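[1] Got a sequence here, can you build the structure:
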Amino acid sequence: MASKTTAEKLATIQKGYTLEGPTIELGAAIVDGELHKDAPVRLPLAMMNRHGLVAGATGTGKTVTLHMMAEQLSTAGVPVFLADIKGDLSGLATAAVGSDKLKARTDSIGQAWQGKTFPVEFLALGGDGNGVPVRATVTSFGPILLSRIMELNDTQESSLQLVFYFADKNGLELIDLKDLRAVIQFLTSDEGKDQLEELGGLSKATAGVILREIVTLEAQGLEKFFGEPEFDTAELLRTAPDGRGVVTCLELPTLQTKPMLFSTFLMWLLADLFEDLPEAGDLDKPKLVFFLDEAHLLFNGASKAFLEAITTTVRLIRSKGVGIFFVTQTPKDVPADVLGQLANRVQHALRAFTPEDAKALKATVSTFPLSDYDLEETLTSAGIGEAVITVMNEKGAPTPVALTRLRAPESLMGPSEEALVRSTVAGSALLGKYGTAVDNPSAYEKLSGKTAAPAGPAAPGPSAGAPAAPAGYDVDAEARRIEEEILGRPSSRPPQASVPAPLDPEPEYPDPQYGEPPAPKPRSKAARQPRSHQAEPQPGGTMGDLGGVLGGALGGGLKSMARSMGTQLGRELLRGVFGTSSRRRRR
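    Here you go, the predicted structure:
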């Protein structure tokens, strides 16, 4: 077959990227070594909830690509979430300054460049940075994600699910790590051994392993990421008064010391959005585009249940108007079931210095449609700020593969001044809501007897069968003992003073807007078990059969439990993916 001429190749690209609706401008095509600004490469805005992949070797310009795409999404009124690992993305809040070199580049691709600022919100995990603190409750995080952080095996993960089930059944709220620690210490104590036996699949030895992992997390300082006020993921969907989408930057200054927490926390954000957002169908533009950086951290060593939950979330969240872009070095970092759902591809240069690199290169080439490029040569010779692109067009078909010189961002390519970041955070409406941690009465206080239960008609009463605080049971003394055993040095944990009950605790139920208790979100390997104070399910029926089917997927300890849950839990299992469960946040 005769090879195409340059004009024919150029015509193919021009036709493939002629789109009718609003688009994200990515750059101009390079054909046979020549840049053609009359061949713009675009991504349809309506197709950005079909998810995507931004990949490439270190230093090839992936972060600048995210930066450029986030600017245009914001301008189009689409909120954006970015994990700011290196701190460079804070430059979105500062207008860039032009230069002769920049002008030459933008003129070459036909970009009408102008320095601009964009509406940015800065967040930080647990306040570990300058941003507004972001926290999640242990209950909301759920056993699957928490097991991922603690690197538990499948047996230990199943046992942790039973601990969550016990806490729900007995009205023991799991807000922070000391609550979960207190529940496990109770179950492994003489006073709680009868309750432990009732759980069946939870052995005292396994409970002890989990307990030590929790205390290790506390010793590493991770307890500040769990607590209240819990971050409402609806905050990620905001627009500025001028209609532009708010760009939310999550600061991650200590990523290298807590990579598992980082990746798992991002999945909690997605899982919470997935459970809360209604079905939206096909939209003219997405409700949110979520860039998940360092994606390989999410999949390394992940359990089968965790990978299945990610795949389900990616597949289904599209219909709720959320687009996810995974950012990593090679497509090999992403499991095939997930990669198959990433329709929009921006592949920066790859290096082939080792046999393993060569295999990764061949695997990457095999994931692209047939094209007029020699992709092995193109991907190893592409320059910084260039990428091989194919996206989904407005008809749902892949566009032609195009080597593209990418647009330049209009805001600062680098970090903003720290004073600007601090002033932005100080003026944020979120700071008043999330800036100060609170410690409401929960499982720790109930089991240690350090606070009285709220009284009065507005106070939620304890669940029937809740374990009483055992006489002389000191949760903190046990925690200090375990910490000293693990670390081999005296505990730094101060003795806890009695915590008085708040004067006016905010009741969780009933929901003031609806007048009824909100339906709990489920928790288990595919979903969480329901709270015992919900109406008793009736066995049998279609959903009862579904409980049996899903019980087989959940594994030994929960199989018989899932079969007996009946109609109500059947509905819950369909909603839960990661086993997350957060209280409804209504205003």
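[2] quick one: the closest residue to T6 other than its chain neighbours from D372, how far?
    Leaving aside its sequence neighbours, T6 sits nearest to D32 (C-beta to C-beta, 6 or more residues apart in numbering; 4.7 Å). No exception for glycine: its C-beta is placed from N, CA and C like everyone else's. According to C-beta to C-beta, to the nearest Å, D32 stands 9 Å off from D372.
[3] again with G142
    48 Å.
[4] Who has more neighbours out of those two?
    G142 (30 against 17; other C-beta atoms under 10 Å).
[5] Could I get the pLDDT score of L307?
    According to the prediction, L307 has pLDDT 84.
[6] looking at it, it is touching F299, isn't it?
    Yes. With contact defined as C-beta atoms under 8 Å, L307 counts as touching F299 (6.9 Å).
[7] Identify the contacts common to the two.
    Both L307 and F299 are contacted by P335, under the criterion C-beta atoms under 8 Å, 6 or more residues apart in numbering.
[8] about what we covered before: find residues that contact each of D32 and D372.
    Contacts common to D32 and D372, judged by C-beta under 8 Å, 6+ apart, are K9.
[9] In three-state terms, how would K86 be classified?
    Following DSSP: H, G, I helix; E, B strand; the rest coil, we place K86 in the coil state.
[10] burial of it, as a residue count?
    Other residues close to K86 by other C-beta under 10 Å number 13.
[11] show me the contacts for it.
    The contact partners of K86, by C-beta under 8 Å, 6+ apart, come to T63.
[12] can you give me phi and psi for it?
    Dihedral pair for K86: phi -100, psi 0, per degrees, to the nearest 10.
[13] now do I384
    phi -60, psi 130.
[14] how close does the closest residue to it other than its chain neighbours get to V80?
    Residue nearest to I384 in three dimensions, not counting chain neighbours: G61, with 5.2 Å by C-beta to C-beta, 6+ apart. Counting by C-beta to C-beta, the gap from G61 to V80 is 18 Å.
[15] Settle it for me: which of those two has more neighbours?
    Neighbours per residue (other C-beta under 10 Å) separate G61 from V80, with V80 holding more: 28 against 23.
[16] Would you mind listing the residues in contact with that one?
    A70, L73, S74, G245, V246, V247, T248, L288, V289, F290, F291.
[17] List the beta-bridge partners for it.
    When assigned by DSSP bridges, V80 has beta-bridge partners V247, V289.
[18] Spatially nearest residue to E376 (excluding sequence neighbours)?
    Nearest residue to E376, sequence neighbours excluded (C-beta to C-beta, 6+ apart): V365, at 5.6 Å.
[19] Isn't that neighbour up against T378?
    No. Using C-beta under 8 Å, V365 makes no contact with T378, being 9.2 Å away.
[20] the strands in the protein, which residues?
    23-31, 34-44, 52-55, 80-84, 120-125, 132-134, 247-251, 288-292, 322-328, 344-347, 386-390, 402-406 (DSSP state E).
[21] Kindly reformat these as JSON lines containing distance to N170.
    Listed next are the strands of the chain as JSON lines, based on distance: least, C-beta to C-beta, whole Å:
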{"stretch": "strand 23-31", "distance to N170": "51"}
{"stretch": "strand 34-44", "distance to N170": "51"}
{"stretch": "strand 52-55", "distance to N170": "45"}
{"stretch": "strand 80-84", "distance to N170": "36"}
{"stretch": "strand 120-125", "distance to N170": "30"}
{"stretch": "strand 132-134", "distance to N170": "29"}
{"stretch": "strand 247-251", "distance to N170": "35"}
{"stretch": "strand 288-292", "distance to N170": "36"}
{"stretch": "strand 322-328", "distance to N170": "35"}
{"stretch": "strand 344-347", "distance to N170": "47"}
{"stretch": "strand 386-390", "distance to N170": "54"}
{"stretch": "strand 402-406", "distance to N170": "56"}
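[22] For those, give me a markdown table that also has mean pLDDT.
    Shown next, in a markdown table, are the strands of the chain (pLDDT from 0 to 100):
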| stretch | mean pLDDT |
| --- | --- |
| strand 23-31 | 97 |
| strand 34-44 | 96 |
| strand 52-55 | 95 |
| strand 80-84 | 91 |
| strand 120-125 | 93 |
| strand 132-134 | 93 |
| strand 247-251 | 93 |
| strand 288-292 | 93 |
| strand 322-328 | 93 |
| strand 344-347 | 96 |
| strand 386-390 | 97 |
| strand 402-406 | 97 |
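[23] and the longest helix belonging to the chain, how far out from the chain's middle?
    In the chain, taking DSSP state H as the definition, the longest helix is helix 259-276. The chain centre lies 2 Å from the centre of helix 259-276; the measure is C-alpha atoms, centre = their mean, to the nearest Å.
[24] From the contact counts, what lies against it?
    Applying 3 or more C-beta pairs under 8 Å, 6 or more residues apart in numbering; DSSP states H and E, one finds that helix 259-276 contacts strand 80-84, strand 120-125, helix 138-150, strand 288-292, helix 296-299, helix 304-317, strand 322-328.
[25] mind running it again at 7 Å?
    Judged by 3 or more C-beta pairs under 7 Å, 6 or more residues apart in numbering; DSSP states H and E, the packing partners of helix 259-276 are helix 138-150, helix 296-299, helix 304-317.
[26] can you tell which of the ones you listed is closest to D38?
    Nearest to D38 among the helices and strands packed on helix 259-276 is helix 304-317 (35.9 Å), distances taken as C-beta to C-beta.
[27] Give me the contacts around that closest one.
    Helix 304-317 is contacted from outside by 51, 144, 148, 267, 270-271, 273-274, 299, 324, 335, 337-338, 341, 525, 577-578, using C-beta atoms under 7 Å, 6 or more residues apart in numbering.
[28] Can you say which of these are buried?
    51, 144, 148, 267, 270-271, 273-274, 299, 324, 338, 341, 525, 577-578 (16 or more other C-beta atoms under 10 Å).
[29] Going by distance to G427, which of those residues wins?
    L273 (25.6 Å).
[30] ok, back up a step: most tightly surrounded among the helices and strands packed on helix 259-276?
    Using mean count of other C-beta atoms under 10 Å, the stretch among the helices and strands packed on helix 259-276 with the greatest mean number of neighbours is helix 138-150 (a mean of 26).
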